[in-house]
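>>> Fold the following, please.
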Amino acid sequence: MAAILVVAALLRALLLASFSNLEPVGDQLAYLGGAEELASGDVYTGSRGPAYSAFVSLCWSLTGSASGSLLAPRVGNLLLSLGFIAIVWAFGRRLVNARVGLAAAAVLAVHPNYVAFPLYLLSEQLYITSLAGGLLLALRSLGATWKPALAAGLVLGVGALTREMLVWFLPALAGVLVFLDRANFKRALFSSCALILGAALVILPWSAKSSAVHEEFVLIGFADGIPLFEGNFVPPAVLRRDTGKWKGRPVKQVRWNLFKEFNRTGARTKLAQNKRYRETAWKSVSERQPAWIFEKVYSNGPSMLRPGIQTPELWSETESTSAATLTRVWMLGLVLSFYALLYCLLPFGLARWRLTGPALIPLSYVGFAFAVHIVANAGPMRFQMPHEWILILAAASALFSSARLRRWVLAALIVLVIGAHAASLPQWTELGRALVTGEKTSHEDWQEEAMPFLEQDKARRDE
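This is a model prediction of the structure:
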């Protein structure tokens with residue numbers, strides 16, 4: 001295991017050094033802005049949970065770096081990444097056996113998406129570490145006293161302050177603990193209550209502080225409206241200026257139309273705007289019943305299992321140095337290899353896990369993540385990282401577990417995985433062509449088309 005961590009650290013450090021000039025964009029700027037508020041002692045005004053911004057601010061404080069420094073939080077992300085790998089190793093060893101834990105840790109050590117992610121000042125690195133740590137403690141609480149469950153609640157509370165959606169998983173996890181330890185119902189009930197109490201001890205003090213600042217109850221944050229809106233509000237198709245072809249779902253344009261409505265109705269605060277996004281989304285959902293669930297499962301469900309690349313900046317937005325070129329070739333080769341192996345082995349591994357045993361703890365989060373992204377939007381690749389390590393553990397179980405293989409589960413999973421990935425072939429064909437010819441992908445082309453709306457969005461926030 002020590003050798004795996006050394007290799008993981010070297011790969012991440014090499015990537016940090018090779019792309020040290022990579023500038024933060026998008027959501028990264030929001031987290032940096034929140035960190036600067038906390039570092040200066042100002043009131044935190046971000047709409048997202050405060051944990052990752054607090055982590056960035058802590059990195060600046062511990063290293064004596066100036067506010068706005070990129071190196072310190074990236075090194076902090078690197079350390080979190082190593083801790084995450086160690087947790088997954090311990091998780092696999094406890095859930096299945098030592099070989100499964102080592103295999104999963106080895107994959108994560110060199111997995112391109114997990115290797116590259118410390119470059120990005122985004123909350124997922126803290127989130128997946130706290131999530132995996134909390135689930136490991138929940139696993140250890142089975143058949144034990146309430147203390148590991150309390151510790152799990154504390155760690156998962158940090159995860160909820162990082163990404164608010166996790167708070168809705170806590171009651172489900174408490175129910176799973178009761179179910180798995182139902183032979184001793186009293187002990188199981190104490191453990192589930194300890195889990196909720198631990199999370200409450202972390203979350204509620206922030207809720208009280210944030211509610212006082214905004215003069216309205218705020219549990220953690222208020223950024224849930226946009227994912228719901230983008231995932232459910234389907235605007236009319238618009239004519240693309242560059243090709244003359246029709247393209248649907250111009251979300252950025254419709255969002256800007258909502259901004260203009262905010263000006264007319266006086267909904268200028270972030271809380272009021274979030275409510276408006278949420279209301280628009282739920283109105284669309286109600287109007288599209290009963291076909292809505294089938295539409296969302298068809299459109300969003302497969303994308304939660306498709307391979308993807310977390311690092312578009314490393315493909316096309318950096319200087320064409322030899323190091324960058326080598327990195328691109330290395331990562332593309334590994335991405336293709338990893339996903340081919342992962343999704344070939346995944347059905348065989350999951351078919352060895354008992355749904356009524358301890359494996360229900362990680363699988364309950366996979367089910368929760370699928371449900372969230374079906375209801376809202378499938379999101380970018382980084383939204384898959386919090387549950388993908390669980391799939392990697394399952395794939396490793398196909399090779400190193402001697403548990404009985406349930407054939408009916410295997411058959412169903414094979415059909416599911418093949419169906420989910422059939423639609424990803426055009427994505428990979430386009431990416432390979434872009435890498436060889438230097439052409440822009442449709443995603444990059446659409447980003448350029450949406451740039452006027454993004455600039456208007458930024459100007460609106462600056463006001």
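>>> Centroid-nearest residue for this structure?
Residue closest to the average C-alpha location in the chain (CA atoms, centre = their mean): Phe383, at 3.0 Å.
>>> what's the closest non-adjacent residue to that one?
Distances taken as CB to CB, 6 or more residues apart in numbering put His373 closest to Phe383, at 6.4 Å, once the chain neighbours are dropped. Backbone N, C-alpha and C define where each C-beta goes, glycine included.
>>> Can you tell me the element that neighbour falls in?
His373 belongs to helix 360-375 when assigned by DSSP states H and E.
>>> Which strands or helices does the helix or strand just after that helix pack on?
Tracing the chain past helix 360-375, the next element assigned as helix or strand by DSSP H and E is helix 385-400. Contacting helix 385-400 under the criterion 3 or more CB pairs under 8 Å, 6 or more residues apart in numbering; DSSP states H and E are the following elements: helix 71-95, helix 98-110, helix 112-116, helix 124-140, helix 322-350, helix 360-375.
>>> Give me the buried positions along helix 385-400.
Applying a neighbour-count criterion of 16 or more other CB atoms under 10 Å, one finds 385-398, 400 buried in helix 385-400.
>>> and stretch 51-69, what's its mean pLDDT?
The average pLDDT for stretch 51-69 rounds to 90.
>>> correction: stretch 72-85
For stretch 72-85, mean pLDDT is 95.
>>> which residues are in contact with it?
Applying CB atoms under 8 Å, 6 or more residues apart in numbering, the contact partners of stretch 72-85 are 4-5, 8-9, 12-13, 16, 35, 55-56, 58-60, 62-63, 65, 105, 108-109, 114, 117-121, 125-126, 128-129, 132-133, 389.
>>> Can I have the buried ones of the residues you listed as a PyMOL selection?
To isolate the buried ones among these in PyMOL, judged by 16+ other CB under 10 Å, type:
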select buried, resi 4+5+8+9+12+16+35+55+56+58+59+60+65+105+108+109+114+117+118+119+120+121+125+126+128+129+132+133+389
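>>> so where's the chain uncertain?
Within the chain, the stretches falling below the threshold (pLDDT under 70) are 233-268, 299, 301-337, 378-382, 405-409, 412-463.
>>> From the chain's centroid, how far away is the helix or strand that contains Gln28?
Assessed by DSSP H and E, Gln28 sits inside helix 27-39. Helix 27-39 sits 19 Å away from the centroid of its parent chain (CA atoms, centre = their mean, to the nearest Å).
>>> which secondary structure elements does it contact?
Helix 27-39 packs on helix 51-63, going by 3+ CB pairs under 8 Å, 6+ apart.
>>> on contacts alone, who are the packing partners of the helix it packs on?
Using 3+ CB pairs under 8 Å, 6+ apart, helix 51-63 is in contact with helix 27-39, helix 71-95, helix 124-140, helix 147-162.
>>> which residues touch the first one?
Okay, so that is helix 27-39. Residues contacting helix 27-39 (CB under 8 Å, 6+ apart): 24, 43-48, 50, 52-54, 56-57, 60-61, 67-68, 73, 120-123.
>>> From those, list the buried ones, please.
Buried among those (16+ other CB under 10 Å): 24, 44, 46-48, 50, 52-54, 56-57, 60, 73, 120-123.
>>> returning to that earlier point: let me know which of the helices and strands packed on helix 51-63 is the nearest to Arg288.
Between Arg288 and these, the tightest spacing by CB to CB is seen for helix 27-39, at 28.2 Å.
>>> Let me know the closest of the buried residues of helix 385-400 to Leu170.
Closest to Leu170, out of all of the buried residues of helix 385-400 and judged by CB to CB, is Pro386, at 14.9 Å.
>>> and the gap between that closest one and Ala281?
Look at Pro386 and Ala281: by CB to CB, to the nearest Å, they are 22 Å apart.
>>> Quick check: Ser67 is in a strand.
No - membership of Ser67 in a strand is not supported by DSSP: H, G, I helix; E, B strand; the rest coil, which gives coil.
>>> With Asn21 as the reference, measure out to it.
Distance of Ser67 to Asn21, computed by CB to CB: 19 Å.
>>> With Tyr343 instead?
Counting by CB to CB - Tyr343 and Asn21 are separated by 35 Å.
>>> Name the residue in those two with the higher neighbour count.
When Tyr343 and Asn21 are compared for neighbours, Tyr343 comes out ahead with 20 against 8, by other CB atoms under 10 Å.
>>> The residue nearest to Leu360 when sequence neighbours are not counted sits in which helix or strand?
Leaving out its chain neighbours, the residue that sits closest to Leu360 by CB to CB, 6+ apart is Val176, at 5.6 Å. Secondary structure assignment for Val176, by DSSP H and E: helix 170-180.
>>> Name the residues that touch that helix?
Helix 170-180 is contacted by residues 138, 141-142, 149, 153, 156, 160, 185, 188-189, 191-193, 195-196, 199, 356-358, 360-361, 364-365, 368 when judged by CB under 8 Å, 6+ apart.
>>> are any of those residues buried, and which?
Buried by 16+ other CB under 10 Å: 138, 141-142, 149, 153, 156, 160, 188-189, 191-193, 195-196, 199, 358, 360-361, 364-365, 368, out of the contacts of helix 170-180.
>>> which parts of the helix holding Val176 are buried?
Neighbour counts over helix 170-180 (16+ other CB under 10 Å) mark Leu170, Leu173, Ala174, Val176, Leu177, Val178, Leu180 as buried.
>>> quick one: secondary structure of Ser47?
Using three-state DSSP, the structure places Ser47 in coil.
>>> how about it, what does it touch?
Shown in contact with Ser47 (CB under 8 Å, 6+ apart): Ala30, Gly221, Phe222, Ala223, Lys270, Asn274.
>>> what's the distance between stretch 389-402 and the middle of its chain?
Distance of stretch 389-402 from its chain centroid, counting by CA atoms, centre = their mean, is 21 Å.
>>> Next, give phi and psi for Ser123.
According to degrees, to the nearest 10, the main-chain angles of Ser123 amount to phi -70, psi -20.
>>> got a list of what it touches?
With CB under 8 Å, 6+ apart, Ser123 has these contacts: Tyr31, Arg48, Gly49, Ala51, Tyr52, Thr162, Arg163.
>>> The last one against Leu122, yeah?
No - assessed by CB atoms under 8 Å, Arg163 is found out of contact with Leu122, at 10.2 Å.
>>> rewinding a little: report how many residues lie close to the residue nearest to Phe383.
Residues lying near His373 (other CB under 10 Å) number 22.
>>> Same question for Ile203.
Ile203: 23 neighbours (other CB under 10 Å).
>>> Quick check: nearest residue in space to it, chain neighbours excluded?
Nearest to Ile203 is Gly157, by CB to CB, 6+ apart, at 5.2 Å.
>>> do the same with Leu16
Arg74 (5.7 Å).
>>> Could you give the number of residues near the one you found?
When neighbours are counted by other CB under 10 Å, Arg74 registers 23.
>>> For Leu197, list the residues it contacts.
Contact analysis of Leu197 by CB under 8 Å, 6+ apart lists Leu150, Gly153.
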